[in-house]
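Peer 1: How does the following fold in three dimensions:
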Amino acid sequence: MNEAVLGIDATILALRAHIAKCVPALGEILSEFPAGNNELIFPALSITHADPELTNEMPYELCVCPPSGALVAGKIAWVVGQWDVKFQLDLWARSVFERDELALKLFKALNPRVNPMGLFLPMENYYNLQANLTTDGFAHMDEELGAQKGEWRTKFSVLVTVKQVLETQESFITKPIVIQLDILDTVQDIDP
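Peer 2: Residues are numbered from 1 along each chain as shown. You can find the predicted model right below:
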């Protein structure tokens, strides 16, 4: 496991793989917003994100091993915090009909279950943890320039929560030690 990988980066990789499987009609899935001079392979999807916020947690040792079977010798994996970040998924299509059809498929990929809504995305290459993705809105970005270029776009807003893991050689107690004291009866009768 590459300890430099952030939980957010692992989430993007897992999300790309999930969407590619659920929406195979996509020509390409980009991890950045395409530049104006890029020629997209339609239909396409781009995944970008806002600045993430890290909430530090009391570190706790991760009890499961990564897929490789073991950590680097002498290292311990610690969950040290949680990232909260907003992803933006831009769906690019050649027509309004294609865009609407793919937008529905993308929404279903982001919400595979009715209860609870959202996506709990397993990340086998990131300590077998899960990212929680919740769609919180979308907007059709119909513009004159897009119509002239023959490209139609829908923007999805997705809230993402994922744990951050660090591997280190440090070991310390993170669970309180419970000590049980038995109080002895020290009251004795005093004989005269």
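
Peer 1: and residue 112, what is it in contact with?
Peer 2: By Cβ atoms under 8 Å, 6 or more residues apart in numbering, the residues touching residue 112 are 22, 119. The C-beta positions use only the backbone N, C-alpha and C, and glycine is treated the same way.

Peer 1: separation between it and residue 153?
Peer 2: With the distance defined as Cβ to Cβ, to the nearest Å, residue 112 ends up 24 Å from residue 153.

Peer 1: all strands of this protein, in order?
Peer 2: All strands of the chain, identified by DSSP state E, fall at 28-30, 44-49, 53-61, 76-93, 119-123, 129-140, 152-168.

Peer 1: possible to save these as a markdown table with mean pLDDT?
Peer 2: A markdown table is the format used below for the strands of the chain (pLDDT from 0 to 100):
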| stretch | mean pLDDT |
| --- | --- |
| strand 28-30 | 95 |
| strand 44-49 | 96 |
| strand 53-61 | 91 |
| strand 76-93 | 94 |
| strand 119-123 | 94 |
| strand 129-140 | 95 |
| strand 152-168 | 94 |
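
Peer 1: Out of those strands, flag the one nearest residue 10.
Peer 2: The closest of these to residue 10 is strand 119-123. By Cβ to Cβ, the value is 5.1 Å.

Peer 1: In its sheet, which strands sit next to that closest one, and in what direction?
Peer 2: Paired strands of strand 119-123, with direction, are strand 129-140 (antiparallel) (DSSP bridges).

Peer 1: orientation of the strand it pairs with relative to strand 152-168 in degrees?
Peer 2: Relative orientation of strand 129-140 versus strand 152-168 (axes from the mean of the first three to the mean of the last three Cα atoms, to 10 degrees): 160 degrees.

Peer 1: Kindly calculate the angle that strand 129-140 makes with strand 76-93.
Peer 2: 20 degrees.

Peer 1: Now strand 129-140: buried residues?
Peer 2: Across strand 129-140, burial judged by 16 or more other Cβ atoms under 10 Å covers 129-133, 135, 138.
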